[in-house]
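Enquirer: Okay, predicted coordinates and the sequence, questions at the end:
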Amino acid sequence: MTLRKTQTPPMGWNSWDSYGTTVTEDEVLANAVFMAEHLLPHGWDTIVIDADWADPQPRSHGYNDEAALTIDAHGRLQPDPVRFPSSAGGAGFGPLAARLHGLGLKLGVHVMRGIPRVAVAADTPVLGTDSTASQITDTTNVCEWNPHYVGLDHTHPAAQAYYDSCVAQFAEWGLDFVKADDMLWPYQVPDIEAYALAVERADRDLALSLSPGRDLSAAHLDHLRANATMWRVCDDVWDRWDDIEPNFARLARWAPSAGPDGWPDADMLPLGRIGIRAERGEPREGALTLAERRTVVTLWVMARSPLMIGGDLPTSAAETIDLFTNDEVLRVLTQSHGNRELLRERGLVVWSAAGAADERWVAVFNLDDEARVEPFDTRSLGLGAAPAGVVDVWAGESVAVEAVHEQSDAARSVAPGSSVVRVELQPHGCVLLRA
């Protein structure tokens, strides 16, 4: 089969921001049912189980130092059968995947680069080879934050066979998506290529996501496109403005590269009820204001980043869920092109994107801590000299376009004879316009 490429950015839910390493089958199913009932009609279709689903004794706020991860006779991770009862008897994630497919959804899982330490300690045989786990390790290349794995020595042919066997099992279970972590910082060329090859060899099409993206250089673009469906361009993003604001610059660099060849990923949307048993913080609806939440969604769709919701869907506030069901906003994600940053000055950032025929979208963002009203010459926004039918997409309301006949203090940046739109911006807020 093949590494799955997608015509539009993947959209789904990931368990990390809510449950960290502790998510259970019941919680996954609750989010899946909610997605199928409320979000699937708007394009959301993927459920991803994040880290340590094989740990029988996970904890909030981090990883266990010496977790007794559940593995099979060949050193491959297996779901903990207490947390995931349907996996008992060697069924793995097969029954859960079938359940989600019946809802019209896809199932994905998180994996780490390398091989579990428990497999090395048991010296499990590598499926299809005469080698064992201890013979294929590289103990000098280990993850800096997850203590459960050691690196693979890719000069040994059985290292590829190990990845092949893991991905073959995912395909047998009916999975659709793999999030492979500890791949990009530092940039792990042998592991990326080996994992992508394992996906190519599997008997089922799988989308492959690579993480994390701290300091990721665009010099890797061609390599990423050849070996992944999507790739992170930042470290973990949480519900703090200080985490959101740096992504404006990152996405300005990466958005022109987004397309069916591969999707630069701005990380999960830290929106909704998060921190239930997560790595950081206590249960909360998220510390971002509603204006900031709208800014997150708008920036991500204008940059055509994959969208993975972090909040627990059934218990998230209705005003947050509403952010995920505005089809006119989501149309930017799925139907726009030429997405780019137009302007960045005085605390203002402006993005533009084109649609079919003469349709255009413009997003104006306020990075400042104070509200402001800004007049814009419509030509500076790429909307033309006298655009008709300008709409505030979030509000679903028409926006007045004023002719400027003479210079005034209120429109000092707009030349007479032009047209102007006046944009009201909340602190860290935005307006998304369509013309």
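Expert: That came through, no problem. Residues are numbered from 1 along each chain as shown.

Enquirer: so how many other residues sit close to residue 224?
Expert: 26 (other Cβ atoms under 10 Å). Quick note: C-beta positions are derived from backbone N, CA and C, even for glycine.

Enquirer: ok, now which ones touch the nearest residue to it once chain neighbours are set aside?
Expert: Leaving out its chain neighbours, the residue that sits closest to residue 224 by Cβ to Cβ, 6 or more residues apart in numbering is residue 231, at 4.9 Å. By Cβ atoms under 8 Å, 6 or more residues apart in numbering, residue 231 lies in contact with 184, 209, 210, 211, 213, 216, 224, 262, 263, 264, 265.

Enquirer: Next secondary structure element downstream of the longest helix along the chain?
Expert: Longest helix in the chain, counting residues (DSSP state H): helix 157-173. Heading C-terminal from helix 157-173, the first helix or strand you meet, by DSSP states H and E, is strand 177-181.

Enquirer: Show me which parts of that following strand are buried, residue by residue.
Expert: Of the residues in strand 177-181, 177, 178, 179, 180, 181 count as buried by neighbour count, 16 or more other Cβ atoms under 10 Å.

Enquirer: beta partners of the last one?
Expert: Per DSSP bridges, the residues bridged to residue 181 are residue 112.

Enquirer: Check the first one too.
Expert: For residue 177, the beta-bridge partners are residue 108, residue 207 (DSSP bridges).

Enquirer: That one reaches residue 110, doesn't it?
Expert: No. Taking contacts as Cβ atoms under 8 Å, residue 177 lies outside contact range of residue 110: 9.8 Å.

Enquirer: Can you work out which residues contact both of the two?
Expert: residue 48.

Enquirer: ok, now how distant is residue 385 from residue 338?
Expert: Separation of residue 385 from residue 338 (Cβ to Cβ, to the nearest Å) stands at 20 Å.

Enquirer: Endpoint to endpoint, stretch 404-421 covers what distance?
Expert: By Cα to Cα, to the nearest Å, the extent of stretch 404-421 from end to end equals 10 Å.

Enquirer: avg pLDDT for it?
Expert: Averaged across stretch 404-421, pLDDT comes to 65.

Enquirer: centre of the chain versus the helix or strand bottoming out on mean pLDDT in the chain, how much separation?
Expert: Counting by mean pLDDT, DSSP states H and E, the chain has its least confident helix or strand at strand 402-403, which shows a mean of 88. When distances are taken as Cα atoms, centre = their mean, to the nearest Å, strand 402-403 is centred 40 Å away from the chain's centroid.

Enquirer: just checking, what packs against it?
Expert: strand 419-425 (3 or more Cβ pairs under 8 Å, 6 or more residues apart in numbering; DSSP states H and E).

Enquirer: List the buried residues of the strand it packs on.
Expert: 419, 420, 421, 423, 425.

Enquirer: and what of stretch 5-12?
Expert: 5, 9, 10, 11, 12.

Enquirer: and the end-to-end length of it?
Expert: Using Cα to Cα, first and last residues of stretch 5-12 are 16 Å apart.

Enquirer: Can you check the pLDDT for the nearest residue to residue 153 once chain neighbours are set aside?
Expert: Spatial nearest neighbour of residue 153, chain neighbours left out: residue 138 (4.3 Å); criterion: Cβ to Cβ, 6+ apart. If you check residue 138, the pLDDT there is 98.

Enquirer: Quick check: the gap between residue 138 and residue 156.
Expert: Taking Cβ to Cβ, one finds residue 138 at 9 Å from residue 156.

Enquirer: residues near residue 88, how many?
Expert: Neighbours of residue 88 using other Cβ under 10 Å come to 12.

Enquirer: Nearest residue to it in space, please, no chain neighbours.
Expert: residue 81 (4.4 Å).

Enquirer: hang on, the earlier thing: could you dump the contacts of residue 231 into CSV and include secondary structure and distance to residue 370?
Expert: Converted to CSV, these look like this (DSSP: H, G, I helix; E, B strand; the rest coil; distance: Cβ to Cβ, whole Å):
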residue, secondary structure, distance to residue 370
184, strand, 36
209, strand, 37
210, strand, 38
211, coil, 35
213, coil, 31
216, coil, 33
224, helix, 39
262, strand, 38
263, strand, 34
264, strand, 31
265, strand, 31
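
Enquirer: nearest to residue 105, of those residues?
Expert: residue 209 (16.5 Å; Cβ to Cβ).

Enquirer: surely the closest one meets residue 181?
Expert: No. The pair formed by residue 209 and residue 181 falls short of the contact definition of Cβ under 8 Å, at 9.1 Å.

Enquirer: for this protein, which strand is longest?
Expert: strand 337-345 (DSSP state E).

Enquirer: starting at the chain centroid, how far to that one?
Expert: With Cα atoms, centre = their mean, you get 21 Å for strand 337-345.

Enquirer: List of residues touching the following helix or strand past it?
Expert: Next along the chain after strand 337-345, taking DSSP H and E as the criterion, comes strand 348-354. Identification of contacts with strand 348-354 by Cβ under 8 Å, 6+ apart yields 248, 299, 302-303, 332, 336-344, 360-367, 374, 376, 381-382.

Enquirer: redo that, cut-off 7 Å
Expert: 248, 302, 332, 336-343, 360-367, 374, 381-382 (Cβ atoms under 7 Å, 6 or more residues apart in numbering).

Enquirer: any low-confidence regions in the stretch 251-400 of the chain?
Expert: Residue ranges of the stretch 251-400 of the chain with pLDDT under 70: none are present.

Enquirer: quick one, strands of it?
Expert: 263-265, 307-309, 337-345, 348-354, 360-366, 372-377, 391-392, 397-398 (DSSP state E, counting those that start in this stretch).

Enquirer: most tightly surrounded among the ones you listed?
Expert: With neighbours defined as mean count of other Cβ atoms under 10 Å, the strands of the stretch 251-400 of the chain peak in mean count at strand 263-265, which reaches a mean of 29.

Enquirer: which helices and strands sit right next to it?
Expert: Secondary-structure packing of strand 263-265 (3 or more Cβ pairs under 7 Å, 6 or more residues apart in numbering; DSSP states H and E): strand 230-232.
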